[in-house]
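# Predicted structure and sequence below. I'll ask about it afterward.
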Amino acid sequence: MPKMRYEVKTEDFPYEEITKLLHESYKEHLEAGRNYLAATQTVEDTKRRLDGRIVGLCYNEDNKLVGTIAGKIINKHDGEPRKWYEDDHYLYVEQMAVHPDYRKTNVLAMMSITAMKDKSLREVDSWMSDTSSLATDLVESYVKMGFQIVDMVSWETTNYYSYVFRRPLKGRKFDQKYVNRKFFFSKLICKLRYTENGKKRF
């Protein structure tokens with residue numbers, strides 16, 4: 001395992017490096033016809049998407065950025081609409097990427113461990129994220145990190161169905177059989193109501 005350097009930042013992000021890494025990491029999805037914004041976004045897009053986020057970074061022994069993960073803390077207030085799996089206080093993980101040459105390392109796990117040293121991230125009820133149901137490598141990465149697949153959604157900005165993931169920290173822990181049952185009906189309803197690009201069927 002090569003020597004790595006990990007850090008967590010809340011400002012002064014290396015936008016150009018992150019954009020380049022996102023392009024390299026999501027290139028295969030773009031070639032497979034999956035419209036991830038991360039595969040084509042500009043540096044200005046990266047700046048907009050990282051505004052107000054906490055960002056984990058991983059550098060190799062040559063000080064090259066080989067891993068990144070971003071997250072935004074979301075607070076749900078009493079009476080506010082929410083899904084069955086949404087906690088009062090959770091982190092939504094976005095723009096997770098690892099350079100193709102480093103995917104067989106434990107970069108993602110180490111970035112998560114490093115992020116957990118940040119007090120604000122330790123105190124949330126859960127971590128959540130979403131990605132294409134067709135991106136099997138990303139799906140496997142989330143599951144290996146302790147996430148459960150809790151929902152299926154279809155965004156208007158993509159051309160695929162997405163899985164929603166949840167990893168409990170201080171929040172309620174759901175039995176896997178219960179999660180599987182809830183997800184089965186969510187998947188069924190999503191595909192009946194929406195096409196892969198988020199358009200309503202009826």
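Nice, thanks for sending it over. Numbers count the residues shown, from 1 in each chain.
# A109 versus V143, what's the distance?
12 Å (Cβ to Cβ, to the nearest Å). For every residue, glycine as well, the C-beta is placed using N, CA and C.
# so how far is the host helix or strand of K27 from its chain's centroid?
Taking DSSP states H and E as the criterion, K27 maps to helix 15-31. Centroid displacement of helix 15-31 relative to its chain, using Cα atoms, centre = their mean, to the nearest Å, is 15 Å.
# I'd like to know which elements it is packed against.
Helices and strands touching helix 15-31, by 3 or more Cβ pairs under 8 Å, 6 or more residues apart in numbering; DSSP states H and E, are helix 43-49, strand 65-75, strand 89-98.
# Would you mind pulling the contact partners of that helix?
For helix 15-31, the external contacting residues (Cβ atoms under 8 Å, 6 or more residues apart in numbering) are 36, 38-43, 45-47, 50, 55, 57, 65-68, 95, 97-100, 132, 135.
# Can you identify each of the helices in the chain by residue range?
For the chain, the helices defined by DSSP state H cover 15-31, 43-49, 107-115, 119-122, 136-144, 176-193.
# Highest mean neighbour count out of the ones you listed?
helix 107-115 (a mean of 19; mean count of other Cβ atoms under 10 Å).
# now that helix and strand 65-75, what's the angle there?
50 degrees (axes from the mean of the first three to the mean of the last three Cα atoms, to 10 degrees).
# Quick check: mean pLDDT of helix 107-115?
Over the span of helix 107-115, the pLDDT mean works out to 83.
# shaky segments in this protein?
1-2 (pLDDT under 70).
# switch the cut-off to 80
Residues of the chain that meet the criterion pLDDT under 80 lie in 1-2, 116.
# about what we covered before: including distance to K9, could the helices of the chain go into JSON lines?
Output for these, formatted as JSON lines (distance: least, Cβ to Cβ, whole Å):
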{"stretch": "helix 15-31", "distance to K9": "11"}
{"stretch": "helix 43-49", "distance to K9": "14"}
{"stretch": "helix 107-115", "distance to K9": "11"}
{"stretch": "helix 119-122", "distance to K9": "13"}
{"stretch": "helix 136-144", "distance to K9": "22"}
{"stretch": "helix 176-193", "distance to K9": "33"}
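# Can you tell me which of those helices is nearest to M4?
Set against M4 and scored by Cβ to Cβ, these come closest in helix 107-115, at 6.6 Å.
# For the closest one, enumerate the helices and strands it packs against.
strand 5-9, strand 54-59, strand 65-75, strand 89-98.
# In a markdown table: those strands, plus distance to D175.
Listed next are these as a markdown table, based on distance: least, Cβ to Cβ, whole Å:
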| stretch | distance to D175 |
| --- | --- |
| strand 5-9 | 32 |
| strand 54-59 | 30 |
| strand 65-75 | 24 |
| strand 89-98 | 19 |
